[in-house]
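> quick one, what's the 3D model for this:
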Amino acid sequence: MLDHSQIFKERVIIVHDYCRNNDSFESVKELVRLAQSAGAKIDTTIRLSQISTNRKTYVSSGKVTAIKEAINKFCSTLVILESTISPIQERNLERELNTRVIDRVRLILDIFAIRARTREGKLQVELAQLQHLSTRLVRGWSHLERQRGGIGLRGPGETQLETDRRLIGARIKRLKKQLHKVSSQRQLHRRRRQRDLIPLVALVGYTNVGKSLLFNRLTGADVYTADKLFATLDPTVRRIEVPEFGPVLLLDTVGFISNLPTSLVKSFRATLEEITVSQLLLHVVDFSHENHQERMSEVDHVLDEIGALGIPKLTIFNKIDLTDKSPVRSASEDLNANKVWLSAESGAGMEHLWKILQKNLGEARKSRKLLLFKGGGKFRSKLYDLAEVQEERIDEEGNWLLEILIDPANEGRLNSLRGHGKAFAWLD
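Predicted structure coming up:
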């Protein structure tokens, strides 16, 4: 695969906050890695120290001077700010520096544009980019700067702005329609999987924790892996055989990151829906990272945002070969624990993962009895999608009596569809 970073390295100055978060050193390291993933050569980093921001340019006049000096010294062509700034501040700062300025959101969108390979991925990235751009249309062109009103001075300024907004709006509408079609196709595949009663297990986690490497280790596939942020963007599904259980579908997903832009979460909702319908989550954690607990919390935040926090979960502490920290031995050997320590790179701990997968998947499904009230034909169809119906009969009043095999995740989905208890009632 062609690596974007090997084609062109743009010279970049990183401008990061200091007072705005307690983990500023960690956040700037992550910002540097994001920029490098986009193909940047980092000339220098400049730390902001002001408590309040400048309404005109976000950074103070003194820091504007310091950034100018750095641009002249290194011949930098781009300035990346850690914080999200307003469109007006971005335009004003670009004028002051005579250099392009972007914020962290634009940087992440650029990386996603590089990584997208499938049609769905490209559509989702373009949608996110246009939605972000639509909020940043300001009168920044030279022909608009001369607008003062009056005879002989009126021009097409507002018309140009409105035209751009209309064109972007029309393109966003088309993209949403195309993504809806893709989402419908994905739902058809999902229903087919549900009819086959093959469990879906999703790998989730912070970006660059080794999910794709673990995916390859479990499936024998050759999914692209690299030591860079967002190496995986498009979801991949492979069928695996879990010993003493049977077939399972394993899903590799895009990595999460702190302060993930809401526009990205919304644009990638069709892809993230695959996580929400899985029966088990494998939360992969970089055990060698000093702030892995905080990153686990960030992942839980995104899972909560997409409605997947309640799905049964195994926590997999990866990269034990890169740290001197000792895993909790009792938990790493206990099949009843929901934690596994391993190295996807070396294969250490993989045997235990297979055993705990078999145990969790094998014990997940349980037999339950329910009474489906007459008139619930649509609900009965959904029931067949979510569970394996082992026995079904109709009583004298026309209600269905069913005995089903169902896992906890789908049982929760069934309960959420019940409404106010009028569709069915559990009999055990």
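
> any stretches of the stretch 251-400 of the chain with poor pLDDT?
Under the criterion of pLDDT under 70, the regions of the stretch 251-400 of the chain flagged as low confidence span 261-264, 266-271, 325-336, 364.

> and the helices in it?
Ranges of helices in the stretch 251-400 of the chain, per DSSP state H, counting those that start in this stretch, are 262-267, 269-276, 292-305, 329-333, 350-364, 377-386.

> nearest to residue 46, out of these?
Ranking those by their distance to residue 46 (criterion: CB to CB) puts helix 292-305 first, at 24.9 Å. C-beta here means a position set from N, CA and C on the backbone, and glycine is covered the same way.

> and the closest one, what's buried?
By 16 or more other CB atoms under 10 Å, the buried positions in helix 292-305 come out as 292, 295-296, 298-300, 302-303.

> can you check stretch 107-124 too?
Neighbour-count burial for stretch 107-124, counted by 16+ other CB under 10 Å, picks out 107-116, 120-124.

> first-to-last residue distance for it?
Between the opening and closing residues of stretch 107-124 there is a gap of 16 Å (CA to CA, to the nearest Å).

> now do the longest helix anywhere in the chain: which elements does it pack against?
As far as residue count goes, and with DSSP state H defining each element, the longest helix of the chain is helix 157-196. Packing partners of helix 157-196 (3 or more CB pairs under 8 Å, 6 or more residues apart in numbering; DSSP states H and E): helix 119-134, helix 142-145, helix 269-276, helix 377-386.

> next structured bit after it?
For helix 157-196, the following helix or strand on the C-terminal side (DSSP states H and E) is strand 200-205.

> list of residues touching that following strand?
193, 211, 214-215, 237, 248-253, 255-256, 274-275, 277-285, 299, 303, 308, 357, 361 (CB atoms under 8 Å, 6 or more residues apart in numbering).

> burial check on the nearest residue to residue 398 once chain neighbours are set aside, number of neighbours?
The shortest distance from residue 398 to any residue that is not its chain neighbour, by CB to CB, 6 or more residues apart in numbering, is 3.8 Å, and that residue is residue 374. With neighbours defined by other CB atoms under 10 Å, the count for residue 374 comes to 11.

> show me what contacts residue 374?
397-400.

> closest one of the residues you listed to residue 78?
Set against residue 78, the nearest of those by CB to CB is residue 400 (63.7 Å).

> roughly how far does residue 11 sit from residue 71?
When distance is defined by CB to CB, to the nearest Å, residue 11 is 9 Å away from residue 71.

> out of the two, which sits in the busier spot?
residue 71 (20 against 15).

> contacting residues for the more buried one?
13, 79, 97, 99.

> quick check: the farthest pair among those?
Based on CB to CB, the longest span within those runs between 13 and 97 and measures 9.2 Å.

> can you list the domains in this protein?
Taking automatic domain parsing as the domain assignment, the ranges for the chain are 10-105, 116-142+156-196, 198-362, 365-426.

> pull the distance from the last one to the chain's centre.
By that I understand domain 365-426. 33 Å (CA atoms, centre = their mean, to the nearest Å).

> could you do the third one as well?
Using CA atoms, centre = their mean, the mean C-alpha position of domain 198-362 is found 13 Å from that of the whole chain.

> for the closest residue to residue 55 other than its chain neighbours, what are its contacts?
In space, not counting the residues next to it along the chain, residue 55 is nearest to residue 89; the distance is 7.7 Å by CB to CB, 6+ apart. For residue 89, the contact set (CB under 8 Å, 6+ apart) comprises 54-58.

> the most centrally placed residue in the chain and residue 126, how far apart?
Among the residues of the chain, the smallest C-alpha distance to the mean C-alpha position (CA atoms, centre = their mean) belongs to residue 256, namely 4.5 Å. Distance of residue 256 to residue 126, computed by CB to CB: 21 Å.

> please apply the same query to residue 29.
When distances are taken as CB to CB, residue 29 and residue 126 turn out to be 30 Å apart.

> these two: which is more packed in?
The residue with more neighbours, out of residue 29 and residue 126 and counting by other CB under 10 Å, is residue 126; that gives 20 against 13.

> wait, that one sits on residue 175?
Yes: counting by CB atoms under 8 Å, residue 126 sits close enough to residue 175 to count as a contact (6.0 Å).

> which positions within the helix or strand encompassing residue 45 qualify as buried?
Remark: residue 45 resides in strand 40-47, with elements defined by DSSP H and E. Using 16+ other CB under 10 Å as the burial criterion, the residues of strand 40-47 that qualify are 40, 42-47.

> dump the residues you listed to a markdown table, plus pLDDT and distance to residue 200.
Below are the buried residues of strand 40-47 laid out as a markdown table (pLDDT from 0 to 100; distance: CB to CB, whole Å):
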| residue | pLDDT | distance to residue 200 |
| --- | --- | --- |
| 40 | 88 | 37 |
| 42 | 92 | 40 |
| 43 | 93 | 45 |
| 44 | 93 | 46 |
| 45 | 91 | 42 |
| 46 | 90 | 46 |
| 47 | 88 | 45 |
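
> distance to residue 182 for these - can I get that in JSON lines?
Supplementary listing: the buried residues of strand 40-47 in JSON lines, determined by distance: CB to CB, whole Å:
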{"residue": "40", "distance to residue 182": "32"}
{"residue": "42", "distance to residue 182": "37"}
{"residue": "43", "distance to residue 182": "40"}
{"residue": "44", "distance to residue 182": "42"}
{"residue": "45", "distance to residue 182": "40"}
{"residue": "46", "distance to residue 182": "42"}
{"residue": "47", "distance to residue 182": "43"}
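
> and those residues, which is closest to residue 166?
residue 40 (33.9 Å).
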